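A.B. asks: Give me a 3D structure for the following:
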Amino acid sequence: MEPQTERMFCRVLETLKPPPNLTLSQWADQYRKLSPEAAAAPGQWNTDNAPYQREVMDAISDPHIRKVVVMSCAQIGKTDGFVLNPIAYYSKYRPAPMMVIQPTVNLGEAFSKDRLTPMFRDTPALHGIINTKSRTSGNTIMKKNFPGGQLTIVGANAPTDLRGRPIKILLADEVDAYPPSAGKEGDPLKLAEKRQTTFWDYKTVLTSTPTNKETSRIKDEF
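C.D. replies: This is a model prediction of the structure:
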């Protein structure tokens with residue numbers, strides 16, 4: 001076989017090789033970059049800096065676990081570790097339709113602009129996944145399309161956005177701040193969870209700092 005032909009086959013086989021079997025924490029340690037807008041120490045993500053996050057992140061990427069509930073104090077890295085890292089992991093490594101719920105539409109827009117966009121900008125492994133330049137790409141502040149799936153960001157106070165589309169990965173942030181009902185539609189979490197019924201391997205992640213003991217949504221889920 002000619003040397004150039006052998007090199008060509010090597011390149012083809014390298015391209016066809018399946019990705020390594022990485023957990024969420026392993027993927028983040030290898031690829032995730034923290035943005036200067038959202039981190040006191042920007043640069044490479046290192047789970048060892050907050051080792052309590054490792055088991056939770058790996059539960060999120062475990063295909064045998066359907067729901068992960070995180071009840072914790074404030075400022076422990078919930079959004080970065082348990083919302084943004086899963087978005088990066090599932091958009092690049094295991095593409096799937098995803099939904100992120102924030103307490104309000106305004107908070108959803110702020111999350112997209114201040115946290116999500118910088119992560120895709122500063123993490124080289126995510127470059128080129130989302131087409132932000134073409135007017136026909138269908139991408140907006142609250143919706144991002146990528147090969148194999150899409151990410152929809154909604155507010156818990158917007159009932160129309162919580163229904164009408166199938167989702168496999170549901171990431172619900174600060175659920176204790178959600179209203180009891182999304183307009184007249186009912187519980188916003190239950191509305192979103194109904195969108196997962198077509199996926200046998202769906203994943204639901206709920207995070208929040210607990211508030212009122214009698215009405216705490218995260219306490220009941222935990």
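A.B. asks: send the alpha carbons of the worst-scoring helix or strand of the chain on mean pLDDT over as PDB?
C.D. replies: When the helices and strands of the chain are compared on mean pLDDT, DSSP states H and E, helix 3-16 comes out lowest with a mean of 76. Written as PDB, here are the backbone C-alpha positions of helix 3-16 (Å, rounded to 0.1, in the frame of the first residue of the first chain):
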ATOM      1  CA  PRO A   3       2.200   5.600   2.200                       C
ATOM      2  CA  GLN A   4      -0.200   8.400   1.200                       C
ATOM      3  CA  THR A   5      -3.100   5.800   0.900                       C
ATOM      4  CA  GLU A   6      -2.200   4.400   4.300                       C
ATOM      5  CA  ARG A   7      -2.200   7.900   5.900                       C
ATOM      6  CA  MET A   8      -5.600   8.500   4.300                       C
ATOM      7  CA  PHE A   9      -7.100   5.400   5.800                       C
ATOM      8  CA  CYS A  10      -5.600   6.300   9.200                       C
ATOM      9  CA  ARG A  11      -7.400   9.700   9.000                       C
ATOM     10  CA  VAL A  12     -10.700   8.100   8.000                       C
ATOM     11  CA  LEU A  13     -10.500   5.500  10.800                       C
ATOM     12  CA  GLU A  14      -9.600   8.200  13.300                       C
ATOM     13  CA  THR A  15     -12.700  10.200  12.200                       C
ATOM     14  CA  LEU A  16     -14.900   7.200  12.600                       C
END
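A.B. asks: Distance from the chain centre to that helix, please.
C.D. replies: 35 Å (C-alpha atoms, centre = their mean, to the nearest Å).
A.B. asks: In whichever helix or strand comes after that helix, which residues are buried?
C.D. replies: Downstream of helix 3-16, the first helix or strand assigned by DSSP states H and E is helix 24-31. Neighbour-count burial for helix 24-31, counted by 16 or more other C-beta atoms under 10 Å, picks out 24-29, 31. No exception for glycine: its C-beta is placed from N, CA and C like everyone else's.
A.B. asks: Stretch 213-222 too?
C.D. replies: 216-219, 221.
A.B. asks: contacts for it?
C.D. replies: If you take C-beta atoms under 8 Å, 6 or more residues apart in numbering as the criterion, stretch 213-222 is touched by 69-71, 175-176, 178, 189, 206-210.
A.B. asks: that older thread, show me the buried residues of stretch 213-222 that map onto helices.
C.D. replies: Among the buried residues of stretch 213-222, the members found in helices (DSSP state H) are 217-219, 221.
A.B. asks: What is the nearest of the residues you listed to residue 147?
C.D. replies: residue 221 (32.4 Å; C-beta to C-beta).
A.B. asks: any idea how far the closest one lies from residue 39?
C.D. replies: 28 Å (C-beta to C-beta, to the nearest Å).
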